[in-house]
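Trainee: Output the structure for:
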Amino acid sequence: MSFWRNFGFYTVSAIENILDRGDYTLDELLDEEEILQEVKAQNKRLLDYLTQPEQLAKLVEYITKDPPEDGESKRKFKFPFIACEILASEVWVIVDAVFKSEALVQQMFSFLEKEAPLNNLLASFVSRVVAVLLEKKPQQMVDLLKSRGTIIDVFLKHLSNASVMELLLKVVAAEDLTDNGGILQWLREAHLIKSLVSKFDPKNDAETHENAAQALVDIVRASAAKPSPLMEELESEEVVQLLLQSVMTEGAHSTLLHGLTVIIELIRRNSRPAFDTETKVDALPPVLRVSVQNLGKFKAILHRTPPMERTFTTMGEIQPVGFPRLKVLEFVAALVQAGFECVDSALVQEDVFSSCFELFFAFPWNNFLHALVERMVKAVFTGTNDNLKEALITKAKLVDRILEAEQNNAIEAAKPRGVRRGFMGHLTLIASTIQDEAPCSEQVARALEAIPAWKTYVESTLREARSAEGRPLGGNKMSGSAGSGSPPTSDEDDYDDPELAFDNDDDLVLKGDDTQNMDEDQGFDAEREFKQIDQNSHDSDDEDQSPASGTADAKASSSEGEKPPSLDAMSD
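Mentor: Predicted coordinates for the structure are as follows:
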């Protein structure tokens, strides 16, 4: 390095200048913009200083101790941030130095054990540093976590802190990083899952329910399809029954909403990629078996009006559907997609679909509701269970309800200032899904043939609706501008209305049937088009050469009171 310095080929950084000075402090280094760059470049002199026990202790202090209220902005924000970046830089020299002083790691754990609420900024810094240490030294960190004996209390105490919950997922994911594993078994023995499920007690507030649900859902997703001691406990009948008991508590809307979120995630985890016709209800995974056994209770929720005040909207006064009923619909849709024939049969036996369709038509302005039901119907008719498809048409009367709703909508729209019902778009999608399945399923075809009005509806109303929805908004693209001097391109986003075309660069005029016939019968004739473009170009040159004539024509037109046609006039 001295060679490059001596011959002027090296620029000395501000950090090097400070280190050369000899009398400096940690704060001076943290205040320099280049410090993180020098740390990652593994500047030996800088790392030797930062890994001194007293300097490491001060770095950890910056991220674990609240700054004084009257302290400088640097002490409150910049120094803790830089300290976190240094400790989490994944430089092995720093990682080894931290582990040489176990008290520093214990100091970070002690910060997490404080009573809620934590300083969110410092919590994010500590959680990040601990996560990096866990990744670099997983076995040592796990041993330290176990030695504390309070880690589960830490996670439960700070459910609302996103950084701490993210650290919990890092601990769960560390199972594959350690030599002997056993982390998930240790968390199970520490009753992590049961402790989280207990948070769904209706006595707790909605925020606690939401945070517990999010933690459990994250654990499920982190476990993917792998066997896991935590998932074995969460999916056990005992825990599912506890969860369902909280969900079904009368009046506990928050518990129902967030508890069902966890159950839905478990159902999706246990879904079959191929339709299962062999498994009986008693042999289903616990979450599915318990759900099927309680379908009657869930159906009752669909018929239960939530204690919510009526809402005034632009469409008048309406009764809200309520989030609990929407969540139950999502739950039913998850069951439909589970891929078990016995589950489908139970849904039909309890006549759950009729309740879903009643809600669909009873609330014409709730698109969340309509989207859920449409997704449910699509899952049925794109699946392989023909018996379920037939049941939706015959027992749940889906087609009859569609025809009745179409008639009622036509009557309503025909009234003065009448409007279409808000579900008509989704209704068209549902009807199209049913009709598209008829050629593929004899049972569906027979069920539809038994309803004569369906054929009339398909050939008239549905065909017109699908045709209208298939047309591009604003018309088709224009075939090209005759005066543009270039053939049409696919990038032109202009109109292609056969009644309108550009005659030249300036004026929009009507072409009428000639243009339409050219588009439909002749197609695009490049030679003819370029000849027309060339002729327009010559006409333009002639006009440029006769300015007096052009001026005289313009004056004559002006004197006769002629005006170029407007777009409004042409649209008339």
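Trainee: only C-alpha atoms for contact and neighbour calcs from this point on.
Mentor: Noted.
Trainee: Strands along the stretch 351-500 of the chain, start to end?
Mentor: 500-502 (DSSP state E, counting those that start in this stretch).
Trainee: Check the chain too.
Mentor: For the chain, the strands defined by DSSP state E occupy 311-313, 316-318, 500-502, 508-510.
Trainee: so residue 193 makes contact with residue 230?
Mentor: Yes. With contact defined as C-alpha atoms under 8 Å, residue 193 and residue 230 form a contacting pair (6.8 Å).
Trainee: More neighbours: the two, which one.
Mentor: Set residue 193 next to residue 230 and count neighbours by other C-alpha atoms under 10 Å: residue 230 wins out with 25 against 21.
Trainee: what's near enough to touch the more buried one?
Mentor: Residues in contact with residue 230 (C-alpha atoms under 8 Å, 6 or more residues apart in numbering) are 184, 185, 187, 188, 193.
Trainee: now residue 385
Mentor: When contacts are counted by C-alpha under 8 Å, 6+ apart, residue 385 touches residue 341.
Trainee: So it versus residue 332, what's the distance?
Mentor: Relative to residue 332, residue 385 is positioned 16 Å away (C-alpha to C-alpha, to the nearest Å).
Trainee: what does residue 45 give?
Mentor: 64 Å.
Trainee: More neighbours: which of the two?
Mentor: Neighbours per residue (other C-alpha under 10 Å) separate residue 45 from residue 332, with residue 332 holding more: 24 against 14.
Trainee: From residue 182, how far off is the more buried one?
Mentor: For residue 332, the distance to residue 182 - C-alpha to C-alpha - is 36 Å.
Trainee: again, but for residue 392
Mentor: Residue 392 is 48 Å from residue 182, by C-alpha to C-alpha.
Trainee: out of the two, which sits in the more crowded spot?
Mentor: Neighbours around residue 392 and residue 182, counted as other C-alpha under 10 Å, are more numerous at residue 392. The numbers are 22 against 15.
Trainee: Quick check: chain neighbours aside, which residue is closest to the more buried one?
Mentor: Leaving aside its chain neighbours, residue 392 sits nearest to residue 398 (5.8 Å; criterion: C-alpha to C-alpha, 6 or more residues apart in numbering).
Trainee: for that neighbour, what are its contacts?
Mentor: Per C-alpha under 8 Å, 6+ apart, neighbours of residue 398: 354, 357, 392.
Trainee: which of the residues you listed lies closest to residue 241?
Mentor: Using C-alpha to C-alpha, residue 354 comes nearest to residue 241 of those, at 26.7 Å.
Trainee: residues near the nearest residue to that closest one once chain neighbours are set aside, how many?
Mentor: In space, and not counting its chain neighbours, residue 354 is closest to residue 396: 4.8 Å by C-alpha to C-alpha, 6+ apart. When neighbours are counted by other C-alpha under 10 Å, residue 396 registers 20.
Trainee: what's the answer for residue 325, then?
Mentor: Around residue 325 there are 25 residues (other C-alpha under 10 Å).
Trainee: follow-up on the earlier one: my read is that the residue nearest to residue 354 contacts residue 347, right?
Mentor: No. Judged on C-alpha under 8 Å, residue 396 makes no contact with residue 347 at a distance of 10.9 Å.
Trainee: shared neighbours of the two, anything?
Mentor: With C-alpha under 8 Å, 6+ apart, residue 396 and residue 347 have common neighbours residue 353.
Trainee: Can you tell me how far residue 433 is from residue 399?
Mentor: 12 Å.
Trainee: residues contacting the residue nearest to residue 354?
Mentor: Taking C-alpha under 8 Å, 6+ apart, one finds 351, 353, 354, 357 in contact with residue 396.
Trainee: Run through the residues that contact the first one.
Mentor: Read it as residue 351. Here residue 351 is in contact with 395, 396 (criterion: C-alpha under 8 Å, 6+ apart).
Trainee: With residue 208 instead?
Mentor: Contact analysis of residue 208 by C-alpha under 8 Å, 6+ apart lists 159, 160, 199, 200.
Trainee: what comes into contact with stretch 162-170?
Mentor: With C-alpha under 8 Å, 6+ apart as the criterion, stretch 162-170 contacts 123-124, 127-128, 130-131, 134, 155, 158-159, 215, 218-219, 222.
Trainee: which of the residues you listed are buried?
Mentor: 123-124, 127-128, 130-131, 134, 155, 158-159, 215, 218-219 (16 or more other C-alpha atoms under 10 Å).
Trainee: Output those in TSV; the columns should cover pLDDT and distance to residue 454.
Mentor: As requested, the buried ones among the contacts of stretch 162-170 are exported to TSV (pLDDT from 0 to 100; distance: C-alpha to C-alpha, whole Å):
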residue	pLDDT	distance to residue 454
123	95	62
124	95	60
127	95	61
128	95	61
130	94	64
131	93	61
134	92	64
155	87	58
158	90	57
159	87	54
215	91	48
218	90	46
219	90	48
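Trainee: about what we covered before: so among the contacts of residue 230, which ones count as buried?
Mentor: 184, 187, 188, 193.
Trainee: doesn't residue 234 make contact with the third one?
Mentor: No. Taking C-alpha under 8 Å as the definition, residue 188 is not a contact partner of residue 234, at 9.6 Å.
Trainee: Overlap of the contact sets of the two?
Mentor: Residues touching both residue 188 and residue 234 (C-alpha under 8 Å, 6+ apart): there are none.
Trainee: ok, now which ones touch residue 380?
Mentor: 336, 337, 388, 389.
Trainee: Out of those residues, name the two that are farthest from one another.
Mentor: Top of the distance list for these (C-alpha to C-alpha): 337 and 389, 13.3 Å.
Trainee: hang on, the earlier thing: export the contacts of residue 398 to CSV and tack on distance to residue 209 and pLDDT?
Mentor: Below are these laid out as CSV (distance: C-alpha to C-alpha, whole Å; pLDDT from 0 to 100):
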residue, distance to residue 209, pLDDT
354, 31, 96
357, 30, 96
392, 35, 96
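Trainee: picking up where we left off before, from the contacts of residue 380, which land in helices?
Mentor: Counting by DSSP state H, the contacts of residue 380 place 336, 388, 389 in helices.
Trainee: of these, closest to residue 427?
Mentor: For the ones in helices among the contacts of residue 380, the nearest to residue 427 is residue 389 (16.6 Å; C-alpha to C-alpha).
Trainee: residue contacts, the closest one?
Mentor: Residues near residue 389 by C-alpha under 8 Å, 6+ apart: 380, 381, 444.
Trainee: which one of those is nearest residue 460?
Mentor: residue 444 (20.2 Å).
Trainee: How about residue 330, nearest residue that isn't a chain neighbour?
Mentor: The shortest distance from residue 330 to any non-neighbouring residue, by C-alpha to C-alpha, 6+ apart, is to residue 372 (6.5 Å).
Trainee: Per-residue pLDDT of the one you found, please?
Mentor: Looking at residue 372, its pLDDT reads 94.
Trainee: hmm, back to that, want to try TSV for the contacts of residue 389, with distance to residue 64 and pLDDT as columns?
Mentor: Output for the contacts of residue 389, formatted as TSV (distance: C-alpha to C-alpha, whole Å; pLDDT from 0 to 100):
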residue	distance to residue 64	pLDDT
380	54	95
381	57	95
444	66	94
